[in-house]
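1. Task: produce atomic coordinates for the following.
(4 chains)
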Number of protein chains: 4
Amino acid sequence: MSELRILTPGLGAVSSTLMAGVMLARRGLGRPIGALTEYGELDGQPINDLVVALDDISFGAWDPFNETAYDVAKRSGVLTPEHLAAVADDLREISPKSAVFDETWVQALAGAPNTKTGDSYMDLVEQITDDIESYRRDGERLVMVWCGSTEAYHHPTPVHQSLTEFELGLKNSDSAIAPSQIYAYAAIRAGVPFANGAPNVTVDVPALEQMAEQYGVPIAGKDFKTGQTLLKTVIAPGLKSRRLGIRGWFSTNILGNRDGLVLDHPDNFRSKEITKLGVLDALLEPAKNPDLYGDLSHEVRINYYPPAGDNKEGWDNIDLVGWLDYPMQIKVNFLCRDSILAAPIVLDLARFLDMAKTAGNKGVQNWLGYYFKSPHPVEGEPTEHDLFVQERILLDEIRRMSAGLTTT
Amino acid sequence: MSELRILTPGLGAVSSTLMAGVMLARRGLGRPIGALTEYGELDGQPINDLVVALDDISFGAWDPFNETAYDVAKRSGVLTPEHLAAVADDLREISPKSAVFDETWVQALAGAPNTKTGDSYMDLVEQITDDIESYRRDGERLVMVWCGSTEAYHHPTPVHQSLTEFELGLKNSDSAIAPSQIYAYAAIRAGVPFANGAPNVTVDVPALEQMAEQYGVPIAGKDFKTGQTLLKTVIAPGLKSRRLGIRGWFSTNILGNRDGLVLDHPDNFRSKEITKLGVLDALLEPAKNPDLYGDLSHEVRINYYPPAGDNKEGWDNIDLVGWLDYPMQIKVNFLCRDSILAAPIVLDLARFLDMAKTAGNKGVQNWLGYYFKSPHPVEGEPTEHDLFVQERILLDEIRRMSAGLTTT
Amino acid sequence: MSELRILTPGLGAVSSTLMAGVMLARRGLGRPIGALTEYGELDGQPINDLVVALDDISFGAWDPFNETAYDVAKRSGVLTPEHLAAVADDLREISPKSAVFDETWVQALAGAPNTKTGDSYMDLVEQITDDIESYRRDGERLVMVWCGSTEAYHHPTPVHQSLTEFELGLKNSDSAIAPSQIYAYAAIRAGVPFANGAPNVTVDVPALEQMAEQYGVPIAGKDFKTGQTLLKTVIAPGLKSRRLGIRGWFSTNILGNRDGLVLDHPDNFRSKEITKLGVLDALLEPAKNPDLYGDLSHEVRINYYPPAGDNKEGWDNIDLVGWLDYPMQIKVNFLCRDSILAAPIVLDLARFLDMAKTAGNKGVQNWLGYYFKSPHPVEGEPTEHDLFVQERILLDEIRRMSAGLTTT
Amino acid sequence: MSELRILTPGLGAVSSTLMAGVMLARRGLGRPIGALTEYGELDGQPINDLVVALDDISFGAWDPFNETAYDVAKRSGVLTPEHLAAVADDLREISPKSAVFDETWVQALAGAPNTKTGDSYMDLVEQITDDIESYRRDGERLVMVWCGSTEAYHHPTPVHQSLTEFELGLKNSDSAIAPSQIYAYAAIRAGVPFANGAPNVTVDVPALEQMAEQYGVPIAGKDFKTGQTLLKTVIAPGLKSRRLGIRGWFSTNILGNRDGLVLDHPDNFRSKEITKLGVLDALLEPAKNPDLYGDLSHEVRINYYPPAGDNKEGWDNIDLVGWLDYPMQIKVNFLCRDSILAAPIVLDLARFLDMAKTAGNKGVQNWLGYYFKSPHPVEGEPTEHDLFVQERILLDEIRRMSAGLTTT
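-> Here you go, the predicted structure:
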């Protein structure tokens, strides 16, 4: 029987790839590469020993389209036919519950059929809560990881500033409350840890930060650090270490899956652009290093290009300068696969959030910033983007928690 | 008056670019970008405060061709005509002393005219020693950094196993002793710290390691970590951090300067290949991570291609695998400039070796591994290649030395 | 004394590079590479023998900014300081006349100071005509090549449908008439051949096509085929020749000069996008080859990125399919220089238009399509985009004209 | 029943991909993209109408390893499991006859088990002849296309200078005669057209050229023009058309299949290097265009890199110069698939050679140069490398032959 159920609002390429991968790995038909919880060590001990076993994980999902995990995986074209066939029966058993969906937040999916209706947003919260409870079999623990589409960018409003205001907003169906926030609220209220894999504003508002503290629930976000940004947070620290100047960094992406379609809309791209653009400033600290990074042009483009399918290709041009300001260039072409890079992150996050909950952690878990393009900031603390520093922080917290667990 | 004189066996593109850059920076006509000793900080204090000032640095050189630093710089085509004109007079004053040269070690330069002859290798040592002393004006400290060509690869022989054997070999002109080792011996005997910027075997033999300990002289090497390998030691740790597997890493280089001409010979390329190939194994530890890196194909090619001039261009193809072993690729095209990346390394090394000598350090300075493709190993200690770990080690030693200096 | 004067509305990077290049080449200080009229042959005879000599060419210009050709060239950063110094005096003598300018057509240059005012557009025509005549020294022939900014896209209106309507529109200052059309009208009326190097709608409207026929003046356009599109019209025919299918072609550009700034505005980019997008359809004929090109995604992006300066860098990803529809990819990274590629095109066009005028050609010269992204179509004739076919057509016409000239 | 049987010495990735593709296409399970004989037109008529139908083609093969076409295809990893499964039974029926093999010509395959032995090379010819005749069912026509490994480079010797000498050499087992020449001799003697898809010297020697004339058999070669060279013969003419100068062209390849293994040996690479290097000189004619191409550095590298598998990846760096000799660069990264590009070439060549035989053509068919890196030269005629000119020549000959066929 399962010990941990991973609930994903969004049953798309990422979550179906995760599910299939876990099923394949359990049978020795595939390797869960890219997961620190599978291949990492801490002080000589496999991290795998500290987290819930693959065999003890199960899944649940919501989606505005009524396709089984099998249908989704087949349509997404991520997995080979062999892989798909091997776990077809198990994937077919996973059907999404109807979703909280509002097309003003994701225009590209307007008209999606598998959606909830209710008298108010609070009513939708109750429906989600019922779904959550229906997933919670005896003794099973739950975590929720947002694997849905990127929502349109909206700056937080007063309704997000306190839990009281937010709950009033839910009752009034305040249009500033995003669907993802309805899930997050329901999760936290039900004691379920929540992570946000997309760039939209979800739990990174005072109302839900407070709520997570009050309810003793760990939360984390946002926007999985997968392809281009992952490399950026590796290369930029390297150039900075050597005190090479950077004049420009132009990043373009082509991607063809549903994620690309959604991001083709300027409002949704805006959410993504914000999380992607912030990285270099945080890493290079131009204010502290004006000679080297003071006049940096950083541009990010995302382009919907159907032939790419689930392959997400990045092309970066970096204009750097060295001794006497002589110019040099680095071009990076990353032919990556979005879901293949994201799936192990969901697995790690689910396991670590589960571990954190058990260890008594609550509120923002910024030691999980390692997994995010835009780590959820904690007031008064700098936001770390350097992948290597992030890894150290992550391992330190795992060590701390695991020591605590042992000694108790 | 100068406090520190940097002596370079080899007056080529790298050393002339260093010299011109220091001269330009002193007059505010250029910025010494890429030097940690110019742009780095340690605990909030500029590292620049801890090292000899740019104004207090002067130069000396040996070369088998009798061109002034100006002639070399002009021929090398690294600097703009404006930069060259601004320091032409100063560069013209730097003429190389005749070199210890043997064409069996660098066939591509056979017939070079500005070379020393002597009764024995020990006689050549004495001539170099005379040169060194002629450079040492009152009160001036000296460091020597090998900026000469890559010598052909030869495995160390018994003559390199002890100082006694080595000195006997010098007297007998043992053909296993490389020209660079004659310089290194002379430097160490004269109390002058020595660093090796090329991939040849020079001070990384027991005889000279012992000698450096005995004479209380710091030594370091080898092979400046500039373009492609610099990026490799940044990207590989990033992929490893995320537990992404690597099946292949193909690295090709095109370069057109004299360095390229020399490396076009298989014997000389062999020296380079060894230092370049070792990096990934050390970083990825395939024995510890057989699932991820056990069957990695790592290939390195260097191609002499005259149109590139001093621009050294690298193209890397990295075959990585993620979740369920699905393949992805990263292509990195680095349009770099060899001398522009190497010059600040020579400046940093000279200053840090000088600092180390003053602090009483002696023998192999493996905390300087940050600057080298193939850090000089210390018996019983692992060789660190990760740029970020290397930087931490470097800063720790600077902190230690600078604390020592202050407290004394 | 000059025989041909090249008049350029727009004294920017392209025209100043052309002027400097012609001056340098005349003195043997530079080579006019890229010009067919300098390096081409026709039936064994240098094409250069058939056109006006470099020594007999002079220049004139209009620009909304009041900088000399020297100031422009210096600011543009295309030429080396050596080249610039060698022709500085001659370039300083070329000052632009005030321009017909309207910021609604080029918002990025709003507020430009060196502009004409007049009672009506026809009044502006008269002012341009005065300028033209002031440039026409005794016996000198003239050609005009638009080297100005890309104007915002506007679909032609009724005012462009006949010369009568157009002249009425000039008197009424019809806002649908673009500044470039005011120049073109003045040129044609004065018997001066006109070519359009930008993507805006200028002479490609019935009114000006008729006018060119009536006045016996050759016209040509539009949008110089320089970097990315040049390669596209080479590679696409190659893939088509081999009957390889194409699923997608994603083209992105980064450029940093004033051209880039202007194109950063959506209205101006729209003009460019139209000329760039049309190319593949015309080349691949998806209607005739539905199996191979029926579902092609063709995307073009242009990005303003200041660090690029006058360097215009293109990155193309081509998704092709071969035997059994197996996918392959070609990535092309073109590090080109806009003005360096455009300058010889202006020289060729000016000489060939001059030759055409002398030969009695009039109206649209579609044999000059070789030089344009969007060859000016002739009713009832297909538009050829294949560079190799275009070259054959060009040479055929030169042969025809030159035979005519000889026999007369 | 089959009308044409395609015989391939070499049953490897290319030939098994061809066979599977033809089988799949016949059943509508795959499209024979890349074949001019499937997708080309001539004067409005499908070329397909002029050649033998897919349904009327069958296969035969020799190989030094005793694997069926199914085993080979499976091991090669070119085809998807779905494609493979659909034609598994048919592929399993194709077993190679034992090969004429000599490890001095292909060291990498030393020890191959499925090889012929004989008293003399002439004895081996007789064995091959028996094989050929066993393949020739009633009424069936035959063509032979060399799809075997690249043989080591050997300059032709006197034995290759006349048919008399060559036949004497066969009897004496002259070591200068390559295995591929034994096949070619047997084919020509049996009236079977022969094409050479590899770079080795085979029919391009006087003895076999004469023989083909005497026996009335068409021959063609050599070295299929697939990936990098295909693009080179497209891009180089484009740059030349625009009179852009080229200073350097550096081409590197990584490939991982058996072809790569064989080419990893310097003697075999030498064969390939010769065919690849000749292309640019022939295209650019540096002697005629010394200003533009006089000092071109052209370098070609092929690297065995197992992770690439059958994917053959090319990276080209082109250093070009424009106006005033300002430098620009083009980088081309071609992620291609060797067998996918070669299979349709074999199909086209087989059909066209069959057509040529029927039309009474004999000897060297240089109009087939379109398909080869190193078109078989005809004395006194220039060798054309420009893909577009080659296509025109090809179509002209097809038109000529097809007219002839109709009128007879």
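
2. how near is A:A187 to A:A287?
-> For A:A187, the distance to A:A287 equals 37 Å [C-beta to C-beta, to the nearest Å]. From N, CA and C alone the C-beta is placed, and that goes for glycine too.

3. who has more neighbours, these two?
-> A:A187 (30 against 9; other C-beta atoms under 10 Å in any protein chain shown).

4. My guess is the more buried one contacts A:R136. True?
-> No: look at A:A187 against A:R136 with C-beta atoms under 8 Å: they stay out of range, at 11.7 Å.

5. for chain A, what are the low-confidence residue spans?
-> Within chain A, the stretches with pLDDT under 70 are A:1, A:405-408.

6. Domain parsing of it, as residue ranges.
-> By the assignment in automatic domain parsing, chain A contains the domains A:4-224+A:340-407, A:228-337.

7. With distance to chain D added, can I get those domains in JSON lines?
-> Output for the domains of chain A, formatted as JSON lines (distance: least, C-beta to the nearest C-beta, whole Å):
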{"stretch": "domain A:4-224+A:340-407", "distance to chain D": "6"}
{"stretch": "domain A:228-337", "distance to chain D": "7"}
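
8. Quick check: nearest residue in space to A:L296, chain neighbours excluded?
-> A:I246 (5.4 Å; C-beta to C-beta, 6 or more residues apart in numbering or on different chains).

9. does the most far-flung residue of chain A relative to its centre count as helix, strand or coil?
-> Within chain A, the residue lying farthest from the chain centre (C-alpha atoms, centre = their mean) is A:L324, at 41.5 Å. Look at A:L324: counting by DSSP: H, G, I helix; E, B strand; the rest coil, its state is helix.

10. same question, the one 5 residues further on
-> Taking three-state DSSP as the rule, one finds A:Q329 in the strand state.

11. Who does it form a beta bridge with?
-> According to DSSP bridges, the residues that bridge with A:Q329 are A:D319, B:L335.

12. Could you tell me how far it is located from B:P266?
-> 30 Å.

13. Just want to know which of these two has more residues nearby.
-> A:Q329 (18 against 11).

14. Compute the number of surrounding residues for the residue in the stretch 51-200 of chain A positioned nearest to chain C.
-> With C-beta to the nearest C-beta, the shortest gap between the stretch 51-200 of chain A and chain C falls at A:G77, namely 11.8 Å. Residues near A:G77, counting by other C-beta under 10 Å, number 15.

15. Isn't it up against A:G309?
-> Yes: with contact defined as C-beta under 8 Å, A:G77 counts as touching A:G309 (5.3 Å).

16. Now do the strands in the stretch 301-408 of chain A.
-> A:311-321, A:327-337, A:363-364 (DSSP state E, counting those that start in this stretch).

17. cool, and chain A?
-> For chain A, strands defined by DSSP state E occupy the ranges A:4-9, A:41-42, A:45-46, A:57-62, A:141-146, A:194-196, A:218-221, A:245-255, A:297-304, A:311-321, A:327-337, A:363-364.

18. Just put those strands in JSON lines and tack on distance to B:H160.
-> Below are the strands of chain A laid out as JSON lines (distance: least, C-beta to C-beta, whole Å):
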{"stretch": "strand A:4-9", "distance to B:H160": "60"}
{"stretch": "strand A:41-42", "distance to B:H160": "38"}
{"stretch": "strand A:45-46", "distance to B:H160": "42"}
{"stretch": "strand A:57-62", "distance to B:H160": "58"}
{"stretch": "strand A:141-146", "distance to B:H160": "59"}
{"stretch": "strand A:194-196", "distance to B:H160": "57"}
{"stretch": "strand A:218-221", "distance to B:H160": "56"}
{"stretch": "strand A:245-255", "distance to B:H160": "41"}
{"stretch": "strand A:297-304", "distance to B:H160": "51"}
{"stretch": "strand A:311-321", "distance to B:H160": "40"}
{"stretch": "strand A:327-337", "distance to B:H160": "38"}
{"stretch": "strand A:363-364", "distance to B:H160": "58"}
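
19. quick revisit: quick one: which of the domains of chain A is nearest C:L261?
-> Comparison of the domains of chain A against C:L261 by C-beta to C-beta identifies domain A:228-337 as nearest, at 12.6 Å.

20. Please list the residues of the stretch 151-300 of chain A that sit near chain B.
-> A:230-231, A:233-235, A:237-238, A:241-245, A:289, A:291-292 (C-beta under 8 Å from any C-beta of the partner chain).
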